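1. following is a predicted model, sequence given first.
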Amino acid sequence: MTASRPKLFVKSYGCQMNVYDADRMADALAPDGYVAADGVDDADVIVLNTCHIREKASEKVYSELGRIRKMKAETGRSPVVAVAGCVAQAEGAEILRRAPVVDLVVGPQSYQRLPELLREAKAGGRPVDTEFAVEDKFERLAAPTPKAIRGRGVTAFVTVQEGCDKFCTFCVVPYTRGAEASRPVSQIVAETERLVAAGVREVTLLGQNVDAYHGEGPDGRDWSLARLLYELAEIPGLARLRYTTSHPRDMADDLIAAHRDLGKLMPYLHLPVQSGSDRILAAMNRKHTAADYLRLVERIRAARPDLALSGDFIVGFPGETDADFEATLAIAREAAYASAFTFKYSPRPGTPAADRAGQVDEGLKTERLLRLQALITEQQAAFARSLVGRRIDVLLDRPGRHPGQIAGRSPYLQPVQLVGPGAEAGDVIEAVVTDVGPNSLFAAPAGDARGSSARLAETAI
Ligand code: 5AD
Ligand code: SF4
């Protein structure tokens, strides 16, 4: 039976919203019999779920389309090729002109229409749908089956908010994902309950500006992200909650209090600052200063002392001087990150900063990026080392690298390798950190004398 069912392959680039959307595309096509393909080579439908945030990300779609064109010529196969995501939204029909191999272009607001768009494409049309949804897009998305959820593991994303009204001068998101829209509380609760019933233990609430969430509550009023978190924390069986990505200006008092009150809310916060220079922050239209950010971090840490802070930085924004960059290094040192993402400024067509004077030389951008990355890597390692000997809860999610090991995640999102706890994926177990690897922690179940063998197993095999 299965052999004759059409196979779908979605290749996602960029942010976690795309990972979530890829699952929604699979859910939308499941009623038409689609099952997952192993890759491009055995797929009947290939969807490239693209990212437009930086030039490099954007160009990846065209290299992949080149490879698909070659594969089609060499094998004689003719899968339907669709371009989805933010490049689809930004470039629309231009993609069809630039890449004749593409049969269909669909923006993030139209995935619920995928089944009919695919039928149109198979009939020889080359449909383009980049309309911004006027109706409730969230309401019309298909729900996954329990089997599909189980296949995706014990952690899941749930989109609660989409779009952005902030208009940072470097960013395409307000143009590709549209205006801020929040999903009603009842839908989020229902989706989370469905996930938990099928075995999910950890849910990450997603939004481009998630702390600006203000969705309709069951009482007809707007609920804040904090209120939503308190509500979700009541769901039995749900062990962990996270949310990402936040803007410093929307970290409301009630959200900070939620970090103090909710044991299920993990002590980890992704709070991008982008730059440590007030002049650059103003030019970026961030609407806060470096001191505002540091004060905010201090308040959040007062509420949740073990909080691990993560962030994003852009180096080489137009007009950035050596002194501005030194201020970025200074704020990174002061805020003491547990991890951070660092990017070279990439001019995006249509955004205000793209045409500004004072574009920074590429070589200088690289130099600054490397210096900042070195600092962040050192901070990340120092944070990991600070955990050695401490007890942490580990959510087990997959078999370990070696026999007798099982792997999971710390509250701070680090991968953890554990030795023989006799537990299975989905369990949260208390463990003591015994050692630190380049990208993961080693741990032993709390009270287990075999602790130190975790690292030995790593080197012995
Ligand atoms: N160039 C470089 N980095 C960018 N980001 C967003 N737009 C750009 C750009 N034009 C980074 C920001 C943001 C993250 C998702 O991507 O740091 O927080
Ligand atoms: Fe882009 Fe985030 Fe700024 Fe919105 S707040 S414009 S998504 S960087």
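-> Perfect, thanks for sending it. Ligands and ions are numbered 1, 2, ... in the order given.
2. mind giving me the packing neighbours of the top helix by length along the chain?
-> Ranked by number of residues, the top helix in the chain under DSSP state H is helix 362-386. The contact analysis (3 or more C-beta pairs under 8 Å, 6 or more residues apart in numbering; DSSP states H and E) places helix 362-386 against strand 308-315, helix 322-335, strand 339-344, strand 428-436. All C-beta atoms are positioned from the backbone trio N, CA, C, and that covers glycine.
3. tell me which element residue 242 falls in.
-> Per DSSP states H and E: residue 242 is located in strand 240-244.
4. what's the local residue count around whatever residue of the stretch 1-150 of the chain ends up closest to ligand 2?
-> Here the residue of the stretch 1-150 of the chain nearest ligand 2 is residue 53; by C-beta to the nearest ligand atom that distance is 8.2 Å. Other residues near residue 53 come to 19 when the count uses other C-beta atoms under 10 Å.
5. OK, contacts around residue 82?
-> Applying C-beta atoms under 8 Å, 6 or more residues apart in numbering to residue 82 gives the contacts 45, 46, 47, 48, 102, 103, 104, 105, 106, 117, 118, 121.
6. in strands, which of those residues appear?
-> 45, 46, 47, 48, 104, 105, 106 (DSSP state E).
7. now the end-to-end length of stretch 270-285.
-> Across stretch 270-285, the terminal residues are separated by 19 Å (C-alpha to C-alpha, to the nearest Å).
8. hmm, back to that, now, which of the ones in strands among the contacts of residue 82 sits nearest residue 173?
-> residue 106 (18.1 Å; C-beta to C-beta).
9. you'd agree the closest one is up against residue 115?
-> No - proximity of residue 106 to residue 115 does not meet the contact threshold set by C-beta atoms under 8 Å, at 11.2 Å.
10. ok, these two, which is more surrounded?
-> A count of neighbours by other C-beta under 10 Å puts residue 106 above the other of residue 106 and residue 115, at 26 against 15.
11. residue contacts, that one?
-> Residues near residue 106 by C-beta under 8 Å, 6+ apart: 82, 83, 84, 88, 113, 114, 117, 127, 128, 129, 130.
12. hang on, the earlier thing: report the buried residues of the longest helix of the chain.
-> Buried residues in helix 362-386, counted by 16 or more other C-beta atoms under 10 Å: 365, 368, 369, 371, 372, 375, 376, 379, 380, 383, 384.
13. next one: stretch 113-133
-> Quick answer for stretch 113-133 (16+ other C-beta under 10 Å): 113, 114, 117, 118, 120, 121, 127, 128, 129, 130, 133.
14. how much space separates the third one from ligand 1?
-> Separation of residue 117 from ligand 1 (C-beta to the nearest ligand atom, to the nearest Å): 28 Å.
15. what's the pLDDT at the residue nearest to that residue when sequence neighbours are not counted?
-> Distances taken as C-beta to C-beta, 6 or more residues apart in numbering place residue 127 nearest to residue 117, at 5.0 Å, with adjacent residues excluded. Note for residue 127: predicted pLDDT of 96.
16. how about the one 10 residues further on?
-> In the predicted model, residue 137 carries a pLDDT score of 64.
17. give me the phi and psi angles of residue 294.
-> When quoted as degrees, to the nearest 10, the phi and psi of residue 294 stand at phi -70, psi -40.
18. residues in contact with it?
-> 331, 334, 335 are the contacts of residue 294 under C-beta under 8 Å, 6+ apart.
19. number of residues surrounding the second one?
-> When you say that, I think you mean residue 334. Residue 334 is flanked by 13 other residues according to other C-beta under 10 Å.
20. quick one, domains of the protein?
-> With domains defined by automatic domain parsing, the chain comprises 7-133, 143-266, 273-386, 391-460.
21. worst average pLDDT in these?
-> Taking the mean pLDDT of the domains of the chain, domain 391-460 comes last: a mean of 81.
22. what about stretch 36-44, distance to the chain center?
-> 24 Å (C-alpha atoms, centre = their mean, to the nearest Å).
23. for that stretch, which outside residues touch it?
-> Applying C-beta under 8 Å, 6+ apart, the set of residues contacting stretch 36-44 from outside is 6-9, 11, 26, 46, 67-68, 71, 75, 79-80.
24. residue 230 against residue 257, yeah?
-> No - if you go by C-beta under 8 Å, residue 230 and residue 257 don't touch, sitting 9.6 Å apart.
25. the two - which one has more neighbours?
-> More crowded of residue 230 and residue 257, by other C-beta under 10 Å: residue 230, with 19 against 14.
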